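Student: Please find the sequence and the predicted model below.
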Amino acid sequence: MSEPALSPSRRHRLEVRVTPEQGALIREAADLEDTTVSAFVLETVTTRANRVLRQRRDLTLSNDAFDRFIAELDKPPVPVDELVALFKRHPRLPEG
């Protein structure tokens, strides 16, 4: 199986060391999918990375937990003494 030509936008290279068994497993799976090892690994890793990021970014709550969350947000704010003191010492944050 030959490697497809890389598109001009693919400029970064990742390398990974694998055991002979892992390499054989990956090659066999790529062959079964009728794709290259590079394409197989890239698609697999990208799918997993997107799933991990989605799990860390998205917050899923039950209806009960959501109702409790909203109730907490609806409560009047309570001053935090440390923050009040901080903003008295530094009334304006430096612009950066």
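Tutor: Looks like it came in fine. Numbers count the residues shown, from 1 in each chain.
Student: Could you find the closest non-adjacent residue to R27?
Tutor: In this structure, R27 finds its nearest non-sequential neighbour in V37, 5.8 Å apart by Cβ to Cβ, 6 or more residues apart in numbering. Every residue, glycine included, has its C-beta placed from N, CA and C.
Student: next one: F40
Tutor: F40 sits nearest to A30 (Cβ to Cβ, 6+ apart), 3.8 Å away.
Student: Check which helix or strand that neighbour maps to.
Tutor: Using DSSP states H and E, A30 maps to helix 20-32.
Student: what about the strand or helix carrying F66, distance to the chain center?
Tutor: Applying DSSP H and E as the criterion places F66 in helix 63-74. Put simply, helix 63-74 sits 26 Å off its chain's centre (Cα atoms, centre = their mean, to the nearest Å).
Student: For that helix, what does the pLDDT average out to?
Tutor: For helix 63-74, mean pLDDT is 96.
Student: What lies in contact with it?
Tutor: Residues outside helix 63-74 that contact it (Cβ atoms under 8 Å, 6 or more residues apart in numbering): L61.
Student: moving C-terminal of it, what's the next helix or strand?
Tutor: Tracing the chain past helix 63-74, the next element assigned as helix or strand by DSSP H and E is helix 81-89.
Student: For that following helix, name the packing helices and strands.
Tutor: Helices and strands touching helix 81-89, by 3 or more Cβ pairs under 8 Å, 6 or more residues apart in numbering; DSSP states H and E: there are none.
Student: Next, count neighbours for V16.
Tutor: When neighbours are counted by other Cβ atoms under 10 Å, V16 registers 8.
Student: That one in helix, strand or coil?
Tutor: Going by DSSP: H, G, I helix; E, B strand; the rest coil, the secondary structure assigned to V16 is coil.
Student: Just the pLDDT at it, thanks.
Tutor: 94.
Student: low-scoring stretches of the chain, by residue?
Tutor: Applying pLDDT under 70 to the chain flags the ranges 1-8, 96.
Student: hmm, 90 instead?
Tutor: Where the chain drops to pLDDT under 90, the residues are 1-13, 55, 58-60, 90-96.
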